[in-house]
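S.K.: quick one, what's the 3D model for this:
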Amino acid sequence: MIDDNENKDADSAPDKSFDYRGSIVLTIAWLIWSVLGFIYLVFFTDKQNYLMELVYVASAILSVNSLNNRKYGFNNTIRFYKDYVVLPKVLGSWSWREEKIKYSDIDEVNFIDYGNNISKNYFEIEVKTELYSYPIFGKKLEIEEIKEVYEYLCNKAKVRCINFTESFDVNNNSEDVDISSNNNQKWKGYLALVALIVSGWTIIGISLSTPYSNLVSGGKIFLISFIASVFFTFTLSKKIKNESEGEEKLKKWQRVFLLGYIGLYGGIALTFSLVYLNGKFDSSITENLSMSIVSTDTVDSKKGPCFHLKVDPQGRSPSSIESSIMNYGDVHICSKALRGAKVGDHYLLKAKSGLLYEKWIIDVAKLK
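M.R.: Have a look, this model is predicted:
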C-alpha cells in the first residue's frame, strides 16, 4: 500500500519519467472508423442490427478513452519516485488509476524478447511481485528508453539485471537475424488486413441485402455461411501456425482474437452476401400468398412493425398451387406496410422461391 506521504510525492516531480504512448494516427483512424460505421448502420440501412451497432459504439467509446488518456497523461507515462514506481495499467483503466508499485514489493524484473531480436516492438519488461505481474511493452518506448527503464527498475528494486548487448538491434541490421522470422512476422499484418476486409465486407453485405432480407426461414443460408467461415478460419489458423512454428512473436492472444473476429464477422458477412444473391438473381415465378396475422412482436424493426402470419384458411389461391403455398408455413416478417395492422387482418404477400431455394417476401399489401 502507498501511504499519505507517497501520495503527496505523486504530485511532485518524479526522479525519472518516460513517455509511454502509441501512435496517435492509429487511434484517430480507429475513432473515425467506429463513428462512420455506426452512422452508416443507423442512417443508411433499413435493417436493424443491434449487434453491429453495439460493436461500433463500444469501439468508439474505447477510442475516445484512449485519446483522453493520451491528452491528460493517464496510463501514458512511466514515473520513478523515491520509494515506488508508477506504471501504466494494462487492465482496469476505467478507474483512472495507474499502478503504484513499491520497490520493496518487486521480486523480479525480467526482460523478454518475443521476436528473436526482430524489433523492439516484441520486447517486454516484466515486473513481478508476490501477487501480480506487470508488463511494460517495448512498442511504446525507444530502444534506449527500454534499456534505461529496465536498468532503473533493477537498481531500485535491487534485483539481478542482465546486460544488454549489440544483438538488440531495432534496425534489423544484425546478421544473426533469421530471414524466415522476418517473413513470419508478416502473418500478423495479414491477419489484421483480413479482419479489416471482413469488416468492410460485412457493412457492404448488410447494405446490399436489405431489399431481399425478408426470408421465410433463412436457416440454410445461416448454417452454410458459418460452416464456411469456421472452415476458412480453421484453415487460416493452421497455415499461420505452420508458418510461425518455432517462434513466439505472434502472441497467442493476438492470434486468437483476430481469428475469432474473422470467424464471427466472416460468417455474418457471408450470410448477408448469400441473402443478396438469393434475392437479386432469383428468376422464379412470383407467388401470391393470402395470409392472416396470428400474433405481433413487441419491438419494431427499422423496416417497420413485425408480425407472425399464416396461410389464410379462406384460400384465395388457385388449387393448382395450393400445395406450394402451404410449404411456406408460418411467416415472420417486418414491414412498413404492416403499420396499424392487428391480429386477424388479412394480407397478400408476394413471395419467390429464391436462387438458393430460400423463400423470401417481395411485397406486402393489405386485403380489403
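
S.K.: quick one: buried residues of stretch 217-225?
M.R.: Within stretch 217-225, the residues that qualify as buried by neighbour count (16 or more other C-beta atoms under 10 Å) are 218, 221, 222, 225. Heads up, the C-betas are built off the backbone N, CA and C, glycines and all.

S.K.: residues in contact with residue 30?
M.R.: Under the criterion of C-beta atoms under 8 Å, 6 or more residues apart in numbering, the neighbours of residue 30 are 59, 62, 63, 66.

S.K.: of those residues, which belong to helices?
M.R.: 59, 62, 63, 66 (DSSP state H).

S.K.: quick one, what contacts the last one?
M.R.: Counting by C-beta under 8 Å, 6+ apart, residue 66 touches 27, 30.

S.K.: just residue 57 next, same as before
M.R.: Taking C-beta under 8 Å, 6+ apart as the definition of contact, the neighbours of residue 57 are 34, 38.

S.K.: also residue 361?
M.R.: Contacts were defined as C-beta under 8 Å, 6+ apart; by that measure residue 361 touches 214, 215, 216, 331, 333, 335, 349, 350, 351.

S.K.: likewise residue 125?
M.R.: Residue 125 makes contacts with 109, 110, 111, 112, 135, 136, 138, 146, 149, 150, 153, as judged by C-beta under 8 Å, 6+ apart.

S.K.: switch the cut-off to 6 Å
M.R.: 111, 136, 150 (C-beta atoms under 6 Å, 6 or more residues apart in numbering).

S.K.: closest to residue 269 among the residues you listed?
M.R.: For residue 269, the closest of the contacts of residue 125 turns out to be residue 136, at 37.3 Å, with distances computed as C-beta to C-beta.

S.K.: with adjacent residues omitted, what lies nearest to the closest one?
M.R.: Counting by C-beta to C-beta, 6 or more residues apart in numbering, residue 125 is the residue found nearest to residue 136 once chain neighbours are left out, at 4.1 Å.

S.K.: check which element follows the helix or strand encompassing the one you found along the chain.
M.R.: Secondary-structure element containing residue 125, defined by DSSP states H and E: strand 123-129. Heading C-terminal from strand 123-129, the first helix or strand you meet, by DSSP H and E, is strand 133-137.

S.K.: which of the contacts of residue 30 count as buried?
M.R.: Buried positions within the contacts of residue 30, assessed by neighbour count (16+ other C-beta under 10 Å), are 59, 63, 66.

S.K.: out of the ones in helices among the contacts of residue 30, which is nearest to residue 304?
M.R.: If you rank the ones in helices among the contacts of residue 30 by distance to residue 304 using C-beta to C-beta, residue 59 comes first, at 28.6 Å.

S.K.: so that closest one touches residue 34, yeah?
M.R.: Yes: using C-beta atoms under 6 Å as the test, residue 59 is close enough to residue 34 to be in contact (4.0 Å).

S.K.: hang on, the earlier thing: the contacts of residue 125, buried ones only, as a PyMOL selection?
M.R.: Here is the PyMOL command that selects the buried residues among those (16+ other C-beta under 10 Å):
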select buried, resi 111+136+150
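
S.K.: which one of the contacts of residue 125 is nearest to residue 121?
M.R.: Nearest to residue 121 out of these is residue 136 (C-beta to C-beta; 12.9 Å).

S.K.: from residue 80, how far off is that closest one?
M.R.: Here residue 136 is placed at a distance of 12 Å from residue 80 (C-beta to C-beta, to the nearest Å).

S.K.: one more: residue 30?
M.R.: Look at residue 30 and residue 80: by C-beta to C-beta, they are 31 Å apart.

S.K.: TSV for the ones in helices among the contacts of residue 30, including distance to residue 39?
M.R.: Converted to TSV, those look like this (distance: C-beta to C-beta, whole Å):
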residue	distance to residue 39
59	13
62	17
63	15
66	20
